[in-house]
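1. What would the 3D arrangement of this be:
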Amino acid sequence: MDSMEQGYSRLLKKKQRKAINVSKLIAFVQYIMAMVISIFMLLLLVWFGWQYEYDSVTVASSAQHRIMVSHNSAVEISYLNALSKGDLFTASATELKGALPACRIVINLPSRTLDFYAKNTFVKTYPLAIGKPTTPTPIGKFVIRQKEINPWWYPPKSKKAVPSGPDNPLGYRWMEFAPLYGIHGTNAPWAIGGWVSNGCVRMDEADVEELFELVPYGTAVYIHYDLARIAINAVGQVSLGIYPDVYGLKKQLTTVFEVEEKMLEAGIPNFANANLLESIIDKKAGQQVPLFQIHKLRVNGKLLSGQVVASQGQLFIPIWQVAAFFHGNIVWDEQQQLVHSNNQAVPGFVKGHILYVLAQDVQSLFGGMWLWQQGENTWELSVPIIGKES
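-> This next block holds a predicted model:
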């Protein structure tokens, strides 16, 4: 028995040693795999960082920022991404952060306005009448779920329907965005601009019939409640309007900081000084007040994503866009507020993380002449390039 027990004991110890060795081997392999994964992730992060640095900007640690522009650079640090795609939308703090539908309706209740966009391009602003404070128009995101020509009206608390005609308060068009709520015409055009309905959105008859033909089923409808309305019209004019708190939903007064934040969120460089914004806020005029204008930018026939800003009789050009087009280098001296290029220095202006230079100073740096294309709302820089295609 003793020899048999000793045999079992030696066998057990051998199995234990084997199990321990296997465990050590597994632990070693796991350690090696963890090290390999860590090194791979580190190299991947370094590579992404290098790519970002190469493709955007290289900023020195000193006060002088050197902007390196390569042939494949996209150096414009810009919040105008939506605008560069032709998306001239009415800004609001509640606007969706992601991609917006190409066809959409944006309604702001305090200003009683409806903005329509097709193919990501602003089309037109229409005046509205909205719900009474006792029967407010709902706020949120909806879709056009039903369209009807010559709708019948079924009055609340009444069994008698009103057929289409001059006595029908729905007018001759109906676009439903929620149960019992719709955008429709009216037989009382004098009420447009007020808050008079049972919650529906009323439009002038000619306007709603025009919009009806443009709006397909499933069109997104965004209904906001912004006392400060920042808008950009079809010719790029940026305006600010301060409107009454129709439903008493806002407990605090509109501030300059709030307006500036709205501009930043909308991708609009703020070229309006604080005193002007404060004056508009104090007056509460209930209408849009022009601030400045935004135009498209083209260089030698190529449309760039940057925007030209016209303010106080001057044209401000996003210099990084122009420099990238010519494959040139520029140096931004933040302390001196100067842009250096081609052994010249001109004043620079940073607005909304975009570096601007006056139009005449762009000519000093790169030559050429500016041409105004009114029909396209575009400023074009035409620079002769001898023996080289851009």
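
2. can you tell me how far the nearest residue in space to Gln373 that is not next to it in sequence sits from Ala359?
-> Once flanking residues are discounted, Gln373 sits nearest to Glu380: 6.1 Å by C-beta to C-beta, 6 or more residues apart in numbering. Glycine gets a C-beta too; all of them are placed from N, C-alpha and C. Distance, Glu380 to Ala359, using C-beta to C-beta, to the nearest Å: 11 Å.

3. Give me the more crowded residue out of the two.
-> Legend: neighbour count by other C-beta atoms under 10 Å for Glu380 and Ala359, higher for Glu380 (21 against 16).

4. Surely the more buried one is in contact with Lys302?
-> No - using C-beta atoms under 8 Å as the test, Glu380 is too far from Lys302 to be in contact (9.4 Å).

5. if we can go back for a sec, so what sits against both of Glu380 and Ala359?
-> Trp370 (C-beta atoms under 8 Å, 6 or more residues apart in numbering).

6. Identify the residues contacting the nearest residue to Leu253 once chain neighbours are set aside.
-> Nearest non-adjacent residue to Leu253, counting by C-beta to C-beta, 6+ apart: Ile281, 7.8 Å away. With contacts defined as C-beta under 8 Å, 6+ apart, Ile281 is in contact with Ala228, Ile242, Leu253, Thr254, Thr255, Val256, Val259.

7. and Ile281, how far is that from Arg112?
-> Between Ile281 and Arg112 the computed distance is 19 Å (C-beta to C-beta).

8. from what I can see Leu214 touches Val123, true?
-> Yes - counting by C-beta under 8 Å, Leu214 does reach Val123; the two are 7.2 Å apart.

9. Which residues are in contact with each of these two?
-> Counting by C-beta under 8 Å, 6+ apart, the residues touching both Leu214 and Val123 are Phe116.

10. Strands of the stretch 201-350 of the chain, residue ranges please.
-> Remark: strands assigned in the stretch 201-350 of the chain by DSSP state E, counting those that start in this stretch are 201-202, 220-224, 228-232, 237-242, 289-299, 302-311, 314-318, 330-333, 338-341, 344-347, 349-351.

11. pull the CA atoms of the fourth one into CSV?
-> The C-alpha atoms that make up strand 237-242 are tabulated as CSV, following Å, rounded to 0.1, in the frame of the first residue of the first chain:
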residue,chain,number,x,y,z
GLN,A,237,-27.4,88.5,-44.6
VAL,A,238,-27.1,87.7,-40.9
SER,A,239,-29.7,89.2,-38.7
LEU,A,240,-30.8,89.2,-35.0
GLY,A,241,-34.3,89.6,-33.7
ILE,A,242,-35.6,89.7,-30.1
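
12. domains of the chain?
-> Taking automatic domain parsing as the reference, the chain has its domains at 2-55, 90-291.

13. These: which one's closest to Asn343?
-> With distances scored as C-beta to C-beta, the stretch of those nearest to Asn343 is domain 2-55 (25.1 Å).

14. picking up where we left off before, please type out the ChimeraX selection for whichever of the contacts of Ile281 turn out to be buried.
-> Of the contacts of Ile281, the buried ones can be selected in ChimeraX as follows, counting by 16 or more other C-beta atoms under 10 Å:
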select :228,242,254,256,259
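
15. what's the following helix or strand after the lowest-mean-pLDDT helix or strand in the chain?
-> Within the chain, no helix or strand scores below helix 81-84, which has a mean of 32 by mean pLDDT, DSSP states H and E. Next in sequence after helix 81-84, counting helices and strands by DSSP states H and E, comes strand 104-108.

16. in a helix, that's where Gln360 is, yeah?
-> Yes - when DSSP: H, G, I helix; E, B strand; the rest coil is applied, Gln360 is found to be in a helix.

17. Can you get me a residue count around it?
-> Should you count by other C-beta under 10 Å, Gln360 turns out to have 12 residues around it.
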